[in-house]
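**Student:** Quick one, what's the 3D model for this:
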Amino acid sequence: MNAKRIAAVTLASAVALGIGVAVAQPAPSQAPAPAQRHAAMFDRIDTNKDGRITQEEVQVFLAARFAQIDANKDGSITLAEAEAVREARRGPRRHGPQQAERVAARFRALDADSNGQVTLAELQPVAAAFFRAMDANGDGAITREEAKALRPHGRGPGGFGTF
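**Tutor:** Here you go, the predicted structure:
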């Protein structure tokens, strides 16, 4: 697996846990298509609306989303907090033991000091690495085209579609 895919999968894992900068979505029957969600997420992160996302915009957005997820405002996110956000976003679903273990494994991967909590300081380097991987031309900004390039077939893990 190349470095770009590894970075994409790592940040996609963060988002799958609800730790990333997920967008609140409508009920499943009204859910927008993945391309629409991807565009909306890009627009939310691109605060100056120049069609490019900078590292600073990503870090500001990440910090704001982290604060929303940190339910007890203690400066860290537990697996329970992450799962609560994920469930609120996706609705209650039954997941088997394999899915639960994948979620827990993703959380452990983000928990750099293995204390059972993920801090913003632990997420920031992951987001920075993901940013570098997506910035294909190395100009310090991610365009929509660069964001789309890491999404396999326009859906699923990778790209800002899951960020």
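**Student:** SS state for Q59?
**Tutor:** Recorded secondary structure, Q59: helix (DSSP: H, G, I helix; E, B strand; the rest coil).
**Student:** so how far is A141 from it?
**Tutor:** 13 Å (Cβ to Cβ, to the nearest Å). All C-beta atoms are positioned from the backbone trio N, CA, C, and that covers glycine.
**Student:** Same check on A121?
**Tutor:** Between A121 and A141 the computed distance is 24 Å (Cβ to Cβ).
**Student:** More neighbours: those two, which one.
**Tutor:** Between A121 and A141, counting by other Cβ atoms under 10 Å, A141 is the more crowded of the two (18 against 11).
**Student:** would R37 count as being in a helix?
**Tutor:** Yes. Checked against three-state DSSP, R37 lies within a helix.
**Student:** What about it, how many residues nearby?
**Tutor:** R37: 18 neighbours (other Cβ under 10 Å).
**Student:** Kindly report the same for the one 4 residues further on.
**Tutor:** As a burial measure, the neighbour count of M41 was computed by other Cβ under 10 Å and equals 23.
**Student:** How about the secondary structure of it?
**Tutor:** Per three-state DSSP, M41 ends up helix.
**Student:** Where does pLDDT dip in the protein?
**Tutor:** Within the chain, the stretches with pLDDT under 70 are 1-31, 91-96, 151-163.
**Student:** so where do the helices sit in it?
**Tutor:** 3-16, 34-45, 55-69, 79-90, 97-110, 120-134, 144-149 (DSSP state H).
**Student:** ok, E101 - contacts?
**Tutor:** By Cβ atoms under 8 Å, 6 or more residues apart in numbering, the contact set of E101 is empty.
**Student:** how close does it sit to A80?
**Tutor:** Taking Cβ to Cβ, one finds E101 at 16 Å from A80.
**Student:** got it, and M41?
**Tutor:** 25 Å.
**Student:** Ok, T119 next?
**Tutor:** 16 Å.
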